[in-house]
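Novice: Any chance you could fold what I've pasted below:
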Amino acid sequence: MDWSDLRIFLAIAREGTLGAAARKIGQTQPTMGRRLRALEGALGQTLFQRTADGFVLTDEGNAVLRHAERIEDEALALERHVSGATTQLDGLLRLSSSDWFGTVMLSPVIAAFGKRHPAVTVELLTDARLYSLPRREADLVFRIKPFSEPEVISRKLLHIPYALYGKKGSKPPRAGDGSSVRVVTMNAEFADMPDAVWLKRVLPNAGVASRSNNRQVQAELCASGGGFAVLPRPLGDSDRRLVALDIGATPPGRDTYVGYHRDLKRLARLRALLDLVIERLAGPAP
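Specialist: Below you'll find the model as predicted:
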């Protein structure tokens, strides 16, 4: 058995289709199919049931999955250990954050870091997905949800206030009503976020002009006259087309946390970047 085929097996099991798995690990779809057939031949077992909706693990496949994940965990632990022992300020750092936070908060810090350490390449991934630190999908993660994984070292980075914004020149709507106004808010998947709940409570009769899970899209819609929106103040205040409105009530802010895997605590380039992030955004830890 070729051990590298287990990586392909895991990708197919997690993604559900050859195409998605191929994109995930940077292989071609025919190569993925050929390596899967080779693995099944070496094991003498059919690992997936091929269906119209994709690949579904058989009982034998589920048994192999448990062993393959343990092998992967050990391989990743070895990789993290070796990476953590590296003290040179060069190489790659992969960061993950929300879209607006990466643009407004992290980009200036990353640019400053690049001037200090030009041999380090920083890759910033900005989307709603929660990237896995244990699986090395990211080295440093910024998010509004506290970390619960025991192998992750984390801290609260900063508290971000939010405000209700309108296009410059807008008059504040009347709290408790909102029947004559339209708003831009979160999509259904994130409708329970504190700011979205607050907006619905203070402007219960407002019409929903549009929804988006992207804060920068919300800001652009608001600045274009598409409706009032609750935005993080660093984002809203950075756009001169927007104005923060006082309606006698303030939306709840959010804490932002930063975390990294404990095996990387000796990685000099990660420590250097994290120190700069803390210096620029939060100040020293208490």
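
Novice: Pretty sure A13 sits against T58.
Specialist: No. A13 is beyond contact range of T58, at 10.9 Å (criterion: C-beta atoms under 8 Å). Any C-beta I mention is one placed from the backbone N, CA and C, and that applies to glycine too.

Novice: who does the helix or strand of the chain with the lowest mean pLDDT touch, helix- and strand-wise?
Specialist: Across the helices and strands of the chain, mean pLDDT, DSSP states H and E gives its lowest value to helix 59-84, namely a mean of 81. Applying 3 or more C-beta pairs under 8 Å, 6 or more residues apart in numbering; DSSP states H and E, we find helix 59-84 packed against helix 4-15.

Novice: Find out how far the helix or strand that the helix it packs on is followed by is from the centre of the chain, if you would.
Specialist: Going down the chain from helix 4-15, the next helix or strand is helix 18-25, by DSSP states H and E. How far helix 18-25 lies from its chain's middle: 20 Å, per C-alpha atoms, centre = their mean, to the nearest Å.

Novice: Show residues contacting helix 18-25.
Specialist: By C-beta atoms under 8 Å, 6 or more residues apart in numbering, the residues outside helix 18-25 that reach it are 7-8, 11-12, 14-15, 27-29, 31-33, 36, 55.

Novice: Select from these the one having the most neighbours.
Specialist: I12 (27 neighbours; other C-beta atoms under 10 Å).

Novice: In space, what's closest to it - neighbours in sequence excluded?
Specialist: A21 (4.4 Å; C-beta to C-beta, 6 or more residues apart in numbering).

Novice: do R215 as well
Specialist: W100 is the one closest to R215 (C-beta to C-beta, 6+ apart), at 3.9 Å.

Novice: what's the answer for E69, then?
Specialist: In space, and not counting its chain neighbours, E69 is closest to L10: 7.0 Å by C-beta to C-beta, 6+ apart.

Novice: Thank you kindly, that will do.
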